[in-house]
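Colleague: structural data only, the sequence is not supplied:
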């Protein structure tokens, strides 16, 4: 019995799109899972096309992401129009075109993702592989490599292992057997010392002041927690705090929000058992911004101009409590 799913026919569809005279750009919203998958995709098609680049739409400031890029030598660049103009075809991995406005002007030939299916099929994609049941997109790319008989080199295996580790939160978030299989398989080739070095680079000393602010503004909403941080220098601090508050006993979900530049960013985390955080985010904010995600992790981004002068914290509280302010308690 094969260790992973048999994907030869599907992968031949993908490889048939590769032409020797074409340049491909892999576009991601950079995090460990997407960066690892971009590396894997580059390895898969790199010898079949003229060139493969990796571009991210977001500014990478989170320290573990920077450490990952540095130690694993990931050739990722910020996506700008002049860079896009140098490429013929485009792939989006660990995301979908409707997830962010910066994706809208790019015609993607390939979509590979593990987030919920889109409302309608993406019209430009010649190859689409979306599996919402997977805990990590890195698992999918590990299956690709295995089916193509490509043994991942040390840096690639380490990246994919770290991608699975972070997206499943060390298997504390929802996952399937395939995620466990991929993790076990990659341990044979990954450098665990590099994993430790990267994971120890998660929090910048300057971010510690946000912990104080988050505790001061912490509110209880039924079995959940909410905190608003005001202006932040990096939205990744919201992610770190949202993950941190899920460790509180008796808390089944939490929401952490903040203002980054001209945008209200709202991070959702859940235990994967009760509320579906992806549906919750979409229900509350998809009519006024980008919103969605998984059952245990989701995100919403709303331009401040949409709030029409309303206080961002009060706005989110009203959404979370459905206007019933008595439902919220100060901690």
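Modeller: Happy to help now that I have it. Model, not experiment: these values are computed from the prediction.
Colleague: residue contacts, the residue lying closest to residue 69 once chain neighbours are set aside?
Modeller: The spatial neighbour of residue 69 that comes closest, neighbours along the chain excluded (CB to CB, 6 or more residues apart in numbering), is residue 76 at 5.9 Å. The way it works is simple: take the backbone N, C-alpha and C, and place the C-beta from them, glycine included. Counting by CB atoms under 8 Å, 6 or more residues apart in numbering, residue 76 makes contact with 28, 30, 35, 38, 54, 55, 56, 60, 69.
Colleague: report the buried residues of the strand or helix carrying the fifth one.
Modeller: What that stands for is residue 54. Using DSSP states H and E, residue 54 sits within strand 51-56. Residues of strand 51-56 classed as buried: 52, 53, 54, 55, 56 (neighbour count, 16 or more other CB atoms under 10 Å).
Colleague: contacts for it?
Modeller: Residues contacting strand 51-56 (CB under 8 Å, 6+ apart): 23-30, 34-35, 38-39, 41-42, 45-46, 74-79, 83-84, 86-87.
Colleague: out of the residues you listed, name the ones that lie in strands.
Modeller: 23, 24, 25, 26, 27, 28, 76, 77, 78 (DSSP state E).
Colleague: need these in a markdown table with pLDDT and distance to residue 217, can you?
Modeller: As requested, those are exported to a markdown table (pLDDT from 0 to 100; distance: CB to CB, whole Å):
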| residue | pLDDT | distance to residue 217 |
| --- | --- | --- |
| 23 | 98 | 48 |
| 24 | 98 | 45 |
| 25 | 98 | 41 |
| 26 | 98 | 38 |
| 27 | 97 | 35 |
| 28 | 97 | 32 |
| 76 | 95 | 34 |
| 77 | 95 | 36 |
| 78 | 95 | 32 |
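Colleague: out of those, which are buried?
Modeller: Buried among the ones in strands among the contacts of strand 51-56 (16+ other CB under 10 Å): 24, 25, 26, 27, 28, 76.
Colleague: pLDDT below threshold where in the stretch 201-331 of the chain?
Modeller: Residue ranges of the stretch 201-331 of the chain with pLDDT under 70: 202, 323-328, 330-331.
Colleague: need the helices for it, in chain order.
Modeller: 208-216, 236-245, 277-285, 312-321 (DSSP state H, counting those that start in this stretch).
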